[in-house]
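Asker: 3D, please:
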Amino acid sequence: MQTVKMVVTGPFSSGKTEFIKSISEIDVVSTDSKITSENEREQKENTTVAMDFGRITVDEDLVLYLFGTPGQRRFDFMWEILAEGMLGFIVMVDSAKPETFREARSILETFRAYAPTPYVVAANKQDHPDAWEPEDLRIALSIEEGIKLLPCVAKERDSVRNVLLELLYTILEEMEG
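Answerer: You can find the predicted model right below:
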(Lines give C-alpha, C1' and ligand atoms only; values in the text may rest on other atoms or scores of the structure.)
Protein backbone atom coordinates (compact mmCIF):
# COMPACT_ATOMS: atom_id res chain seq x y z
CA MET A 1 0.00 0.00 0.00
CA GLN A 2 1.24 3.47 -0.88
CA THR A 3 0.59 6.55 1.24
CA VAL A 4 0.60 10.03 -0.22
CA LYS A 5 1.04 13.13 1.91
CA MET A 6 -0.90 16.17 0.73
CA VAL A 7 -0.98 19.56 2.39
CA VAL A 8 -4.03 21.83 2.41
CA THR A 9 -2.98 25.43 2.95
CA GLY A 10 -4.37 28.92 2.51
CA PRO A 11 -5.27 32.08 4.40
CA PHE A 12 -7.19 32.28 7.68
CA SER A 13 -10.83 31.15 7.31
CA SER A 14 -10.44 29.94 3.70
CA GLY A 15 -11.97 26.52 4.46
CA LYS A 16 -9.00 24.21 5.07
CA THR A 17 -10.39 22.44 8.15
CA GLU A 18 -13.84 22.12 6.56
CA PHE A 19 -12.24 20.69 3.40
CA ILE A 20 -10.48 17.93 5.35
CA LYS A 21 -13.52 17.20 7.56
CA SER A 22 -15.74 16.76 4.49
CA ILE A 23 -13.66 13.92 3.04
CA SER A 24 -11.75 12.25 5.89
CA GLU A 25 -12.75 8.70 6.78
CA ILE A 26 -11.42 9.18 10.31
CA ASP A 27 -12.32 11.84 12.84
CA VAL A 28 -10.12 14.77 11.92
CA VAL A 29 -7.34 15.38 14.40
CA SER A 30 -7.44 19.13 14.97
CA THR A 31 -5.31 21.49 17.00
CA ASP A 32 -7.85 24.26 17.35
CA SER A 33 -7.66 27.07 19.82
CA LYS A 34 -10.14 29.76 20.83
CA ILE A 35 -9.65 32.98 18.92
CA THR A 36 -8.54 35.93 20.99
CA SER A 37 -8.78 38.76 18.44
CA GLU A 38 -12.13 40.54 18.06
CA ASN A 39 -11.72 40.90 14.28
CA GLU A 40 -11.15 37.19 13.80
CA ARG A 41 -13.86 36.14 16.27
CA GLU A 42 -16.46 37.79 14.03
CA GLN A 43 -15.61 35.21 11.36
CA LYS A 44 -15.31 32.06 13.48
CA GLU A 45 -14.78 30.82 17.03
CA ASN A 46 -11.65 28.64 16.66
CA THR A 47 -8.48 28.66 14.60
CA THR A 48 -5.97 25.93 13.73
CA VAL A 49 -2.70 26.47 15.59
CA ALA A 50 -0.59 23.48 14.50
CA MET A 51 -2.42 21.31 11.97
CA ASP A 52 -5.47 19.31 10.97
CA PHE A 53 -5.01 15.69 9.96
CA GLY A 54 -7.34 13.48 7.97
CA ARG A 55 -7.09 10.28 5.97
CA ILE A 56 -8.87 8.91 2.92
CA THR A 57 -8.43 5.49 1.32
CA VAL A 58 -8.66 5.86 -2.45
CA ASP A 59 -8.40 2.10 -3.10
CA GLU A 60 -6.58 -0.90 -1.59
CA ASP A 61 -3.28 0.43 -2.97
CA LEU A 62 -3.52 4.14 -2.13
CA VAL A 63 -4.16 6.14 1.04
CA LEU A 64 -4.03 9.93 1.19
CA TYR A 65 -2.88 11.68 4.33
CA LEU A 66 -4.21 15.22 4.44
CA PHE A 67 -2.45 17.82 6.55
CA GLY A 68 -4.13 21.20 6.98
CA THR A 69 -1.92 24.14 7.88
CA PRO A 70 -2.74 27.02 10.19
CA GLY A 71 -3.86 30.03 8.18
CA GLN A 72 -2.49 32.72 10.47
CA ARG A 73 1.06 33.99 9.93
CA ARG A 74 1.83 33.79 13.64
CA PHE A 75 1.69 29.98 13.27
CA ASP A 76 3.62 29.83 9.99
CA PHE A 77 6.55 28.07 11.68
CA MET A 78 4.40 24.92 11.21
CA TRP A 79 4.22 25.35 7.43
CA GLU A 80 7.72 24.12 6.64
CA ILE A 81 7.36 21.18 9.05
CA LEU A 82 4.08 20.14 7.42
CA ALA A 83 5.48 20.64 3.90
CA GLU A 84 8.26 18.12 4.50
CA GLY A 85 7.65 14.98 2.45
CA MET A 86 4.50 16.25 0.74
CA LEU A 87 3.85 14.97 -2.79
CA GLY A 88 1.51 17.86 -3.55
CA PHE A 89 -0.47 20.69 -2.03
CA ILE A 90 -3.75 22.55 -2.36
CA VAL A 91 -4.05 26.29 -1.83
CA MET A 92 -7.53 27.16 -0.57
CA VAL A 93 -8.82 30.61 -1.49
CA ASP A 94 -12.00 32.17 -0.11
CA SER A 95 -13.56 33.27 -3.41
CA ALA A 96 -15.83 35.74 -1.62
CA LYS A 97 -13.03 37.64 0.20
CA PRO A 98 -10.83 39.58 -2.22
CA GLU A 99 -8.98 41.09 0.76
CA THR A 100 -7.40 37.62 1.31
CA PHE A 101 -6.19 37.13 -2.28
CA ARG A 102 -2.77 38.73 -1.73
CA GLU A 103 -2.19 36.50 1.32
CA ALA A 104 -3.24 33.43 -0.69
CA ARG A 105 -0.71 34.33 -3.39
CA SER A 106 1.99 34.81 -0.76
CA ILE A 107 1.24 31.41 0.82
CA LEU A 108 1.34 29.79 -2.62
CA GLU A 109 4.80 31.27 -3.27
CA THR A 110 6.00 30.16 0.18
CA PHE A 111 4.95 26.54 -0.42
CA ARG A 112 6.43 26.51 -3.92
CA ALA A 113 9.72 27.55 -2.30
CA TYR A 114 9.57 24.67 0.23
CA ALA A 115 9.32 21.97 -2.44
CA PRO A 116 8.83 21.92 -6.21
CA THR A 117 5.82 19.61 -5.93
CA PRO A 118 2.59 19.71 -7.95
CA TYR A 119 -0.24 21.84 -6.62
CA VAL A 120 -3.74 23.02 -7.44
CA VAL A 121 -5.67 26.08 -6.31
CA ALA A 122 -9.18 25.55 -4.89
CA ALA A 123 -11.55 28.50 -5.35
CA ASN A 124 -13.60 27.77 -2.25
CA LYS A 125 -17.03 29.09 -1.24
CA GLN A 126 -18.32 29.03 -4.82
CA ASP A 127 -21.81 28.70 -3.31
CA HIS A 128 -21.47 32.19 -1.82
CA PRO A 129 -23.31 35.00 -3.67
CA ASP A 130 -20.19 37.22 -3.64
CA ALA A 131 -17.83 34.49 -4.90
CA TRP A 132 -15.47 35.43 -7.70
CA GLU A 133 -15.49 33.18 -10.74
CA PRO A 134 -12.43 30.89 -10.95
CA GLU A 135 -11.17 32.57 -14.15
CA ASP A 136 -11.37 36.01 -12.47
CA LEU A 137 -9.48 34.56 -9.51
CA ARG A 138 -6.80 33.26 -11.89
CA ILE A 139 -6.18 36.84 -13.03
CA ALA A 140 -6.36 38.34 -9.51
CA LEU A 141 -3.92 35.75 -8.12
CA SER A 142 -1.64 35.73 -11.19
CA ILE A 143 -1.99 31.95 -11.55
CA GLU A 144 -0.31 30.62 -14.69
CA GLU A 145 -2.53 28.99 -17.33
CA GLY A 146 -1.08 25.49 -16.80
CA ILE A 147 -2.03 25.41 -13.10
CA LYS A 148 -5.41 23.91 -12.22
CA LEU A 149 -7.69 26.43 -10.51
CA LEU A 150 -10.79 24.53 -9.45
CA PRO A 151 -14.20 25.64 -8.18
CA CYS A 152 -14.85 24.22 -4.70
CA VAL A 153 -17.35 24.15 -1.86
CA ALA A 154 -15.42 22.68 1.10
CA LYS A 155 -18.64 21.56 2.84
CA GLU A 156 -19.54 19.30 -0.11
CA ARG A 157 -17.79 15.92 -0.22
CA ASP A 158 -18.03 15.59 -4.03
CA SER A 159 -16.48 19.02 -4.53
CA VAL A 160 -13.59 18.14 -2.20
CA ARG A 161 -13.13 14.77 -3.93
CA ASN A 162 -12.87 16.50 -7.32
CA VAL A 163 -10.13 18.83 -6.05
CA LEU A 164 -8.18 15.91 -4.52
CA LEU A 165 -8.50 13.85 -7.72
CA GLU A 166 -7.23 16.75 -9.82
CA LEU A 167 -4.21 17.06 -7.53
CA LEU A 168 -3.61 13.30 -7.76
CA TYR A 169 -3.80 13.45 -11.58
CA THR A 170 -1.33 16.36 -11.54
CA ILE A 171 1.06 14.38 -9.31
CA LEU A 172 0.78 11.32 -11.58
CA GLU A 173 1.40 13.41 -14.72
CA GLU A 174 4.59 14.80 -13.18
CA MET A 175 5.77 11.34 -12.06
CA GLU A 176 5.22 9.91 -15.56
CA GLY A 177 6.54 12.98 -17.39
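
Asker: Tell me which residue lies nearest the centroid of the chain.
Answerer: Centroid-nearest residue in the chain: residue 8, 3.0 Å away (criterion: C-alpha atoms, centre = their mean).

Asker: what sits up against the helix ranked longest in the chain?
Answerer: Longest helix of the chain, by residue count under DSSP state H: helix 157-176. Helix 157-176 has contacts (C-beta atoms under 8 Å, 6 or more residues apart in numbering) with 4, 6, 19, 22-23, 56, 58, 64, 87-90, 117-120, 122, 126, 148, 150-154. Every C-beta, even on glycine, is put in place using the N, C-alpha and C of the backbone.

Asker: Over to the residue nearest to the centre of the chain. Which of the three states is it?
Answerer: strand (DSSP: H, G, I helix; E, B strand; the rest coil).

Asker: In contact with it, which residues are there?
Answerer: Residues near residue 8 by C-beta under 8 Å, 6+ apart: 16, 19, 20, 52, 66, 67, 68, 69, 89, 90, 92.

Asker: per-residue confidence at the residue nearest to residue 21 when sequence neighbours are not counted?
Answerer: In space, residue 21 comes closest to residue 28 once its chain neighbours are excluded; the distance is 5.0 Å by C-beta to C-beta, 6 or more residues apart in numbering. Listed pLDDT for residue 28 reads 88.

Asker: What are the boundaries of the helices in this protein?
Answerer: 16-23, 38-41, 77-83, 101-114, 134-141, 157-176.

Asker: Need the winner for burial among those.
Answerer: Highest mean neighbour count of these: helix 16-23, a mean of 24 (counted as mean count of other C-beta atoms under 10 Å).

Asker: Determine the set of other helices and strands touching that one.
Answerer: Taking 3 or more C-beta pairs under 8 Å, 6 or more residues apart in numbering; DSSP states H and E as contact, the helices and strands that helix 16-23 lies on are strand 2-9, strand 46-59, strand 62-68, strand 88-94, helix 157-176.
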